[in-house]
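> no sequence on hand, only this structure:
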């Protein structure tokens, strides 16, 4: 998630509340962030790319080890997530 571009990242309950208030106060901004987030997920995690990634994982497991690149793949995220 790219904060305020493709989603929102927060690290405290106070930040979550502040972002929620901004979403309500600025509906055009909220819609733009949501649209960019949806577009990002559709492009980055399209069924064909997910199928290829899982296929590579299964082939690697069949060979007895993880395939190259495992661990470097980004995790799918919702448009509103909590940071670590």
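Nice, thanks for sending it over. Note that the structure is a prediction, hence the values are computed from the model and not measured. Residues are numbered from 1 along each chain as shown.
> centre of the chain to the longest helix along the chain, how far?
For the chain, the longest helix by residue count, based on DSSP state H, is helix 27-44. The chain centre lies 11 Å from the centre of helix 27-44; the measure is CA atoms, centre = their mean, to the nearest Å.
> what helices or strands is it leaning on?
Judged by 3 or more CB pairs under 8 Å, 6 or more residues apart in numbering; DSSP states H and E, the packing partners of helix 27-44 are helix 13-25. All C-beta spots, glycine's among them, are computed from the backbone N, C-alpha and C.
> now the longest helix of the chain against helix 13-25, angle please.
For helix 27-44 against helix 13-25, the angle by axes from the mean of the first three to the mean of the last three CA atoms, to 10 degrees is 110 degrees.
> where does the chain dip in pLDDT?
Applying pLDDT under 70 to the chain picks out residues 66-84.
> can we see that at 50?
Counting by pLDDT under 50, the low-confidence segments of the chain come to 72-84.
> buried stuff in the host helix or strand of residue 49?
Residue 49 is part of helix 47-62 when elements are defined by DSSP states H and E. Using 16 or more other CB atoms under 10 Å as the test for burial, helix 47-62 gives residue 56.
> quick one: distance of that helix to the chain centre.
Taking CA atoms, centre = their mean, one finds the center of helix 47-62 at 19 Å from the center of the full chain.
> please report how far residue 52 lies from residue 42.
Distance of residue 52 to residue 42, computed by CB to CB, to the nearest Å: 16 Å.
> what of residue 32?
If you go by CB to CB, the gap between residue 32 and residue 42 works out to 16 Å.
> more neighbours: those two, which one.
For residue 32 versus residue 42, the count of surrounding residues by other CB atoms under 10 Å is larger for residue 32: 13 against 10.
> now do the end-to-end distance for stretch 16-34.
The separation between the terminal residues of stretch 16-34, taken as CA to CA, to the nearest Å, is 16 Å.
> buried sites along that stretch?
In terms of neighbour count (16+ other CB under 10 Å), stretch 16-34 has its buried residues at 19, 23, 30, 33-34.
> between the residues you listed, which is closest to residue 57?
When the buried residues of stretch 16-34 are ranked by distance to residue 57 (CB to CB), residue 34 comes first, at 30.1 Å.
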